[in-house]
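In: Here you go, sequence then predicted model.
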Amino acid sequence: MSSYTRYDGITSSDWNSEGDYVSIRVLGCSGGLSGNNQQGSTCIQLNETTLIDAGTGLAGLSLEEMQRIRHIFLTHAHMDHIAALPTFLSNQFDQQDLPVKVYGLAETLTRLQDNIFNNEIWPDFTQLVESEVPMLELVEVSAGDIISHQNLTLELFAVEHSIPTIGYSVKSEGSHFIFCADCTESDQLAADLNRLAPIDILMIECAFPDRLTEVAEKSKHMTPSMLHRTLAKIPDVKHVWITHLKPSYEKELRNVLHGSRLTVL
Ligand SMILES: Nc1ncnc2c1ncn2[C@@H]1O[C@@H]2COP(=O)(O)O[C@H]2[C@H]1O
């Protein structure tokens, strides 16, 4: 039986009684640098070798666990989703089965190559850097792609955010997990989630309180009202995991985010 494990060790039995879903480990899902509960920013482990995003939550893996990661599917290039990628790659010197494959939209990969792996901020690990094979391979993916990856089927869908961003539907042995990444309310999001349903677990964000609706609209995030309106349109979801709370508003958001199928991570 698979289980869900959160970064702090909470397992599937805390979330649901069925439990027989794809194994997901949420290593981090904060919307920033969280000071209160040590939670890192976005990083979700799908299996022993595969992550979605490489935020500071990645630091929750042991060195040995990090050195087994060979696939990272990125949602977008914002820092809270890639912050740990450069130093994570440095830990791969002399390891087997290189390169690490990092998958993302063309716009995401270009931003990484131009602004991070440019031999100024960090070495260009897509080239040989004192290792026998390059440590990093950038693999372009697109919204609409369906990827068979090990025992998982990943379906990529575009979401509305301030830079090009994709969400991931992850199916495994009859279970279905969706990570919407950073996104704001849109008709397209509701339509895509209904098209992809039924959904066992929907991981979706809520970054700002309603009083900051204007900021949420400008930065393309969700408020509780936006989230509730979205969820009201997608009935076929068993569990909703709410993520990406901005640390400054976390207490305020936790006070208002309640509902029968909702869990705030
Ligand atoms: N117009 C804005 N006003 C205030 N904060 C913003 C604005 N645009 C972006 N941000 C912040 O910058 C952050 C960049 O990463 P995120 O999209 O997770 O969240 C964003 C917001 O916290």
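Out: Yep, that arrived. Numbering: from 1, shown residues only.
In: and after the lowest-mean-pLDDT helix or strand in the chain, which helix or strand comes next?
Out: Least confident helix or strand of the chain, by mean pLDDT, DSSP states H and E, is helix 12-15 with a mean of 36. With elements assigned by DSSP states H and E, the helix or strand that comes after helix 12-15 is strand 24-30.
In: any idea how far that following strand is from the chain center?
Out: Put simply, strand 24-30 sits 8 Å off its chain's centre (C-alpha atoms, centre = their mean, to the nearest Å).
In: Likewise for stretch 215-230?
Out: Remark: stretch 215-230 is offset 18 Å from the chain centroid, using C-alpha atoms, centre = their mean.
In: first to last residue in that stretch, what's the distance?
Out: 18 Å (C-alpha to C-alpha, to the nearest Å).
In: what sits up against it?
Out: Residues external to stretch 215-230 that are found in contact with it (C-beta atoms under 8 Å, 6 or more residues apart in numbering): 31, 160-162, 182-185, 189-190, 193, 204-210, 212-213, 242, 244, 253, 256-257, 259. The way it works is simple: take the backbone N, C-alpha and C, and place the C-beta from them, glycine included.
In: With stretch 119-128 instead?
Out: With C-beta under 8 Å, 6+ apart as the criterion, stretch 119-128 contacts 86, 89, 99, 113, 115-118, 129, 134-138.
In: what are the phi and psi angles of N91?
Out: phi -80, psi 0 (degrees, to the nearest 10).
In: For it, give me the pLDDT.
Out: pLDDT for N91: 96.
In: can you check S23 too?
Out: For S23, the predicted pLDDT is 72.
In: didn't it look like it was pressed against N47?
Out: Yes. Counting by C-beta atoms under 8 Å, S23 does reach N47; the two are 6.8 Å apart.
In: Mind checking which of the contacts of stretch 215-230 are in helices?
Out: L189, A190, L193, T213, L253, V256 (DSSP state H).
In: Let's have those in JSON lines, adding neighbour count and distance to the ligand.
Out: Shown next, in JSON lines, are the ones in helices among the contacts of stretch 215-230 (neighbours: other C-beta atoms under 10 Å; distance: C-beta to the nearest ligand atom, whole Å):
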{"residue": "L189", "neighbour count": "22", "distance to the ligand": "16"}
{"residue": "A190", "neighbour count": "16", "distance to the ligand": "21"}
{"residue": "L193", "neighbour count": "23", "distance to the ligand": "20"}
{"residue": "T213", "neighbour count": "14", "distance to the ligand": "12"}
{"residue": "L253", "neighbour count": "21", "distance to the ligand": "13"}
{"residue": "V256", "neighbour count": "14", "distance to the ligand": "19"}
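In: List just the nearest of these to H149.
Out: For the ones in helices among the contacts of stretch 215-230, the minimum distance to H149 (C-beta to C-beta) is 21.1 Å, reached by L193.
In: The residue nearest to that closest one when sequence neighbours are not counted in helix, strand or coil?
Out: Excluding the flanking residues, the one nearest L193 by C-beta to C-beta, 6 or more residues apart in numbering is I234, at 4.6 Å. Using DSSP: H, G, I helix; E, B strand; the rest coil, the structure places I234 in coil.
In: how about I234, phi and psi?
Out: phi -130, psi 90.
In: how near is it to the ligand?
Out: In this view, I234 and the ligand are 23 Å apart by C-beta to the nearest ligand atom, to the nearest Å.
In: Number of residues surrounding the closest residue to the ligand within the stretch 1-150 of the chain?
Out: Of all residues in the stretch 1-150 of the chain, H78 sits closest to the ligand, at 4.7 Å by C-beta to the nearest ligand atom. The number of residues packed near H78 is 21, by other C-beta atoms under 10 Å.
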